[in-house]
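Chemist: got a predicted model here, sequence first, then my questions.
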Amino acid sequence: MKEIPNMDELLNSFIDGELPARQHTEVQRLVAHDEKISRRLQQLKRCKMLLNFLPVAEAPPRTLENVKASLARKTTLLDEQYSDFAEQAGARHLLGRRVLAAAAMLGLVAILTVVIYTIVAPETVPQRPIAVERREQPLKVDVVKPEPTMVAVPFSGRLELRTSYLPAVVAFINRAIEDNIPSDEWIASDQSNVKEPHALVCSRESFNLLLAELGNIWNKLDSAALFVDTEVFGEQIIVDAVTTRQIAGIVNQNDSKKRVELAKDFAVLNGIAEHLPGKEILTAIDDNTVGLITPPKPVLTSNQKTIKKSTTRTEANRNVHLTITVTGSS
Amino acid sequence: MTEVANMDTYASKRRIDIDDSVLVMRCWQGDSAAMEQLVLKYQNRIYNVVLKICSDPDDAAELTQETFVKVIENIDDFQGRSGFYTWVFRIAVNLTLNYCRRNARLGFSSLDSSPAILTEYSSQSSRVLREFLSDDSSPDPAAVAQNKELYEIAVGSLMKLDDAQRAVIVLRDIEGMNYAQIAKVLDIELGTVRSRLSRARSKLRQILEAILQ
């Protein structure tokens, strides 16, 4: 008989009843005719029987209870885990709500603060910087002192003129005084005596008009010296070679100290100029220049006589006290 | 084949003929009594199979318990594509085989831990085995079952098979499953069941003959 591959497999299937009917019949026929196959079949059957007849072991009696207990434990564990999770979630939720509530309260407080600040701040804020500034750095307030009433300090002095053209100069001066100074503001004891001084107590306006007039004959003078009285009794500032411009500057100075200072400056300046070459040129330039303070000369525009100025002047306006002396040059 | 028919009848007599699908449906409805009935119905068979595979009664009890816990926990996932019986055994065998593999990795051997398994047998045991194997007559199942020497030899020889062979031979010769059921439980092809079972029995025969010598 030909060897059949997988004979054991076939025989096992035969034993287990897992062969189709036709194969089952063939195996039966093989077993019946082949002693070797029959013996092998018997061996396999005995192996099967050995296991097949083993006693059935019964499960422990408490298997069902143990299963229930195990399920209960798992359920409890799950519940605990869920409970823990829920507790933690609840705690987190509660914490979150608290944080939100706190944030909301802070927001409300902030809004209230802004509202209160808006209401109150305009009244309080402007005062604060001022107070601070005053503490740290005193506020510099330019105190505008009331302008003092300009009370011109009366000028007191003496003008000494020396000229080679004495009669003409004296006449010119007399006429100039008569034309420009009201009669009650000057005194000439003897107009024929040129050596007698003319004492003027007049206003600055009158004096300036006179001075402008005198400027016309200033080049006829050999010398002109202005003696300015100071506040110290008996002390005078002598300005030699003085010009009409310098005289006007000194006389029109309101402050006596500045007047003295100006007179000193002119004195020094004129002293230096006396020793400089080209003195004549400087004098000419100076004389021909119309200064800013030189009052305009009156100009007749018609045949009308010059209207005499009003003589009604107050004593306060007569702030020029000047004595003019004219002497001839030898 | 009257003997074979008798053996299968013996195995099938141990089954409780209750329609599993009814119990499963009741379980789906939350009927705890149905769950208990399913446990009671299959606990011995599951325990028996697990014990024959792992050979340790305590581990077998633990694995049986774990099997039913898994069954109850996952009963809602049971879709009925295979029989409930097959599904339960699939869970049990997988748990047991995983347990065996884990023990093998850790160096534990069921052969060493179980007192019922002997690696060397007395002359009396050999004589009893010789008589059993050489007897051509139909043995009395009860007498075989009560024979202590044969029991020890059978369990010891079974444990000398590898896990896959042991599982397939236990399911067939102890649990009485057919090849199709074994294929479903072990999730293997039918031809694989056939060949694996053939190799397992051949090896078992060799082991027994080794005992005789």
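Modeler: Nice, thanks for sending it over.
Chemist: pull the contacting residues for B:Asn57.
Modeler: In this structure residue B:57 is Pro, not Asn. A:57, B:51 (CB atoms under 8 Å, 6 or more residues apart in numbering or on different chains). Using the backbone N, CA and C atoms, a C-beta is placed for each residue, glycine as well.
Chemist: do that again at 6 Å, thanks
Modeler: Counting by CB atoms under 6 Å, 6 or more residues apart in numbering or on different chains, B:Pro57 touches no other residue.
Chemist: for A:Asp8, same thing?
Modeler: Applying CB under 6 Å, 6+ apart, the residues near A:Asp8 are B:198, B:202.
Chemist: cool, A:Asp16 as well?
Modeler: Applying CB under 6 Å, 6+ apart, no residues qualify as near A:Asp16.
Chemist: which residues of the stretch 1-150 of chain A lie near chain B?
Modeler: A:8-9, A:12, A:15, A:17-18, A:43-44, A:46-48, A:50-60, A:63-64, A:66-67, A:70-71 (CB under 6 Å from any CB of the partner chain).
Chemist: list only those of these flagged as buried.
Modeler: A:8-9, A:12, A:15, A:18, A:43-44, A:46-48, A:50-54, A:56-57, A:59-60, A:63-64, A:66-67, A:70-71 (16 or more other CB atoms under 10 Å in any protein chain shown).
Chemist: which of the residues you listed fall within helices?
Modeler: Those of those mapping onto helices are A:8-9, A:12, A:15, A:43-44, A:46-48, A:50-52, A:63-64, A:66-67, A:70-71, per DSSP state H.
Chemist: isn't A:Pro60 right next to B:Ala61, touching?
Modeler: Yes - applying CB atoms under 6 Å, one finds A:Pro60 in contact with B:Ala61, separated by 4.8 Å.
Chemist: nearest spatial neighbour of B:Asp76, skipping sequence neighbours?
Modeler: Leaving aside its sequence neighbours, B:Asp76 sits nearest to B:Trp28 (CB to CB, 6 or more residues apart in numbering or on different chains; 6.5 Å).
Chemist: can you give me the helices for the chain?
Modeler: In the absence of a named chain, this looks at chain A. A:7-15, A:21-33, A:35-52, A:63-124, A:127-136, A:166-180, A:204-214, A:244-251, A:256-275, A:279-288.
Chemist: I was after chain B.
Modeler: So, for chain B - with DSSP H - the helices run B:2-13, B:20-28, B:32-54, B:57-73, B:84-106, B:110-113, B:123-134, B:141-146, B:148-159, B:163-169, B:179-186, B:190-212.
Chemist: I'd like the average pLDDT over stretch B:65-82.
Modeler: Averaging pLDDT along stretch B:65-82 yields 87.
Chemist: tell me which residues in that stretch are buried?
Modeler: Residues of stretch B:65-82 classed as buried by neighbour count (16+ other CB under 10 Å): B:65-69, B:71-72, B:75.
Chemist: also near chain A: which of those, exactly?
Modeler: Okay, of the buried residues of stretch B:65-82 touching chain A (CB under 6 Å from any CB), that's B:65, B:68-69.
Chemist: from those, pick the one nearest A:Thr25.
Modeler: Taking CB to CB as the measure, A:Thr25 lies nearest B:Phe68 of these, at 43.6 Å.
Chemist: OK, contacts around residue 160?
Modeler: You didn't say which chain, so I picked chain A. Going by CB under 6 Å, 6+ apart, A:Glu160 touches A:225, A:325.
Chemist: switch to chain B, that's the one I care about
Modeler: B:Ile207.
Chemist: pop the domain breakdown of chain B in here.
Modeler: B:14-108, B:116-213 (automatic domain parsing).
Chemist: residue ranges with poor pLDDT in the chain?
Modeler: Here I'm looking at chain A. A:1-5, A:78-79, A:81-82, A:122-152, A:185-196, A:276-316, A:330 (pLDDT under 70).
Chemist: hmm, no, I was thinking of chain B.
Modeler: Filtered on pLDDT under 70, chain B yields the residue ranges B:1-18, B:106-120.
Chemist: still on that earlier bit, out of the ones next to chain A among the buried residues of stretch B:65-82, which is nearest to A:Gly234?
Modeler: B:Val69 (139.9 Å).
Chemist: excluding its backbone neighbours, what's nearest the closest one?
Modeler: Per CB to CB, 6+ apart, closest to B:Val69 is A:Ser70, 5.0 Å.
Chemist: how much space between the one you found and B:Asn74?
Modeler: Separation of A:Ser70 from B:Asn74 (CB to CB, to the nearest Å): 14 Å.
Chemist: got the domain ranges for chain A?
Modeler: A:7-52, A:63-125, A:155-302+A:316-328.
Chemist: now do the end-to-end distance for the longest one.
Modeler: Spelled out, it's domain A:155-302+A:316-328. End-to-end distance for domain A:155-302+A:316-328, by CA to CA, to the nearest Å: 26 Å.
Chemist: ok, the most far-flung residue of chain B relative to its centre to chain A distance?
Modeler: Farthest-out residue of chain B from its mean C-alpha position, per CA atoms, centre = their mean: B:Gln29, at 31.2 Å. For B:Gln29, the distance to chain A (CB to the nearest CB, to the nearest Å) stands at 17 Å.
Chemist: same deal with B:Leu97?
Modeler: From B:Leu97 to chain A the distance is 18 Å (CB to the nearest CB).
Chemist: how near is the closest residue to that residue other than its chain neighbours to B:Ser195?
Modeler: Nearest residue to B:Leu97 in three dimensions, chain neighbours excluded: B:Asp163, at 5.5 Å (CB to CB, 6+ apart). For B:Asp163, the distance to B:Ser195 equals 16 Å [CB to CB].
Chemist: which parts of stretch A:63-82 are buried?
Modeler: In stretch A:63-82, counting by 16+ other CB under 10 Å, buried: A:63-64, A:66-68, A:70-71.
Chemist: same question, stretch B:175-190
Modeler: Along stretch B:175-190, these residues count as buried under the neighbour rule (16+ other CB under 10 Å): B:175-177, B:179, B:181-186.
Chemist: residues in chain B within reach of chain A, list them.
Modeler: So chain B meets chain A at B:4, B:7, B:39, B:43-44, B:47-48, B:51, B:61, B:64-65, B:68-69, B:133, B:141, B:144-145, B:154, B:173-174, B:179, B:194-195, B:197-198, B:201-202, B:204-205 (CB under 6 Å from any CB).
Chemist: hmm, which of those residues are the buried ones?
Modeler: B:4, B:7, B:39, B:43-44, B:47-48, B:51, B:61, B:64-65, B:68-69, B:133, B:141, B:144, B:154, B:173-174, B:179, B:194-195, B:197-198, B:201-202, B:204-205.
Chemist: re the thing from before, nearest to chain A among the buried residues of stretch B:175-190?
Modeler: Taking CB to the nearest CB as the measure, chain A sits nearest to B:Tyr179 out of those, at 5.0 Å.
Chemist: now do the same contact list for that closest one.
Modeler: Listed by CB under 6 Å, 6+ apart, the contact set of B:Tyr179 reads A:18, B:190, B:193.
Chemist: okay, those in TSV with distance to A:Arg29 next?
Modeler: Output for those, formatted as TSV (distance: CB to CB, whole Å):
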residue	distance to A:Arg29
A:Glu18	18
B:Leu190	25
B:Val193	25
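Chemist: what residues are up against A:Leu51?
Modeler: Per CB under 6 Å, 6+ apart, neighbours of A:Leu51: B:154, B:173-174.
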